[in-house]
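In: When you get a sec, could you give me coordinates for this:
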Amino acid sequence: MTRDEAAQTPDDGATNAAASQPPAAPPADERPRPRYGEYAPEGWTWQPPADPYSGGTTPEPAAAGPAAGSVHGAPLGAPVPTYPQQPGAVARPTDRAWTVALLVFGAMGAVYNTLSIIAMPSNILESLTLSASMFGTTPPDEFAPGPAVPVAIAVGVIAQFALWVGALMWSRARMRAGASSWWIPLLAGVAAFLVVMVVTYVVAFSDPALVEFFLTPPTTAP
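Out: Below you'll find the predicted structure:
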């Protein structure tokens, strides 16, 4: 072996000693451990999320890794899931009881109004006779209803039952949704009363003699 070859040959003992040494451990992080999440890696910077109404998207974190740009595994800027409350979750026992009671009362009122509308032509003359005796006037001998009276009576009867059925269906839908419904039968009752008043006006003013009686001022006896 020449002197040059001996100089180029590495020392086997030094090589084996270097291979047997363990690798150097990374320097320990002496910073205090945060209470929530982890430290972001070096080089990562926070970017505010883009406005969703402008058509932009939320930028991704620059650094890779499960802990980069995340808190407890959730990415920054991610929407928080919400759980909408079910409509029927809130029970309204008092409202339900009042609604049912008013619907029952409204059914009896619809029947009473229907009978009153049907008997209205005969009841008008009796009411006029009683009023004339109180004011000392002479009531008409008879009541001759006009041609619009049967139509007005039929419309009034249908409207009574239509209003009650509509109130029942509407109240039922609102009770199933957990909403307030006690005012619906009251609203239907006011509408039914207005229908009775309109039918009474049409029936009473369909007779010209009755109209003249209404327009004549009452006179009292000396």
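
In: Please make it C-alpha for all contacts and neighbour counts, starting now.
Out: Noted.

In: Can you give me the buried ones in the longest helix along the chain?
Out: In the chain, taking DSSP state H as the definition, the longest helix is helix 149-176. By 16 or more other CA atoms under 10 Å, the buried positions in helix 149-176 come out as 149, 152-153, 156-157, 159-161, 163-164, 167-168, 171-172, 174-175.

In: Closest one of those to residue 92?
Out: Closest approach between the buried residues of helix 149-176 and residue 92, by CA to CA: residue 175, at 8.1 Å.

In: isn't that closest one right next to residue 181, touching?
Out: Yes: shown here, residue 175 and residue 181 form a contact pair, counting by CA atoms under 8 Å, at 6.4 Å.

In: any common contacting residues for the two?
Out: Residues touching both residue 175 and residue 181 by CA atoms under 8 Å, 6 or more residues apart in numbering: residue 96.

In: Now do residue 179, the pLDDT please.
Out: According to the prediction, residue 179 has pLDDT 91.

In: From residue 40, how far out is it?
Out: Going from residue 179 to residue 40 by CA to CA, to the nearest Å gives 49 Å.

In: now residue 188
Out: Taken as CA to CA, the span from residue 188 to residue 40 is 66 Å.

In: Just want to know which of these two has more residues nearby.
Out: The neighbour comparison of residue 188 against residue 40 (other CA atoms under 10 Å) goes to residue 188, with 21 against 15.

In: contacts for stretch 108-121?
Out: Outside stretch 108-121, the residues within contact range by CA under 8 Å, 6+ apart are 143, 145, 153, 156-157, 160-161, 164, 192, 196, 199-200, 203-204.

In: circling back: where does confidence bottom out across the buried residues of helix 149-176?
Out: residue 149 (87).

In: residues in contact with that one?
Out: By CA under 8 Å, 6+ apart, the neighbours of residue 149 are 202, 203, 206.

In: Counting neighbours, which of those residues comes out on top?
Out: Counting neighbours by other CA under 10 Å, residue 203 comes out on top of the contacts of residue 149 with 24 neighbours.

In: gap between the closest residue to that residue other than its chain neighbours and residue 162?
Out: Excluding its sequence neighbours, the residue lying closest to residue 203 (CA to CA, 6 or more residues apart in numbering) is residue 149, at 5.4 Å. Going from residue 149 to residue 162 by CA to CA gives 20 Å.

In: Looking at the contacts of residue 149, which are in helices?
Out: Using DSSP H, 202, 203 are the members of the contacts of residue 149 that sit in helices.

In: Redo the contacts of residue 149 as JSON lines? Include distance to residue 95 and pLDDT.
Out: Formatted as JSON lines, the contacts of residue 149 follow (distance: CA to CA, whole Å; pLDDT from 0 to 100):
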{"residue": "202", "distance to residue 95": "38", "pLDDT": "89"}
{"residue": "203", "distance to residue 95": "39", "pLDDT": "87"}
{"residue": "206", "distance to residue 95": "43", "pLDDT": "83"}
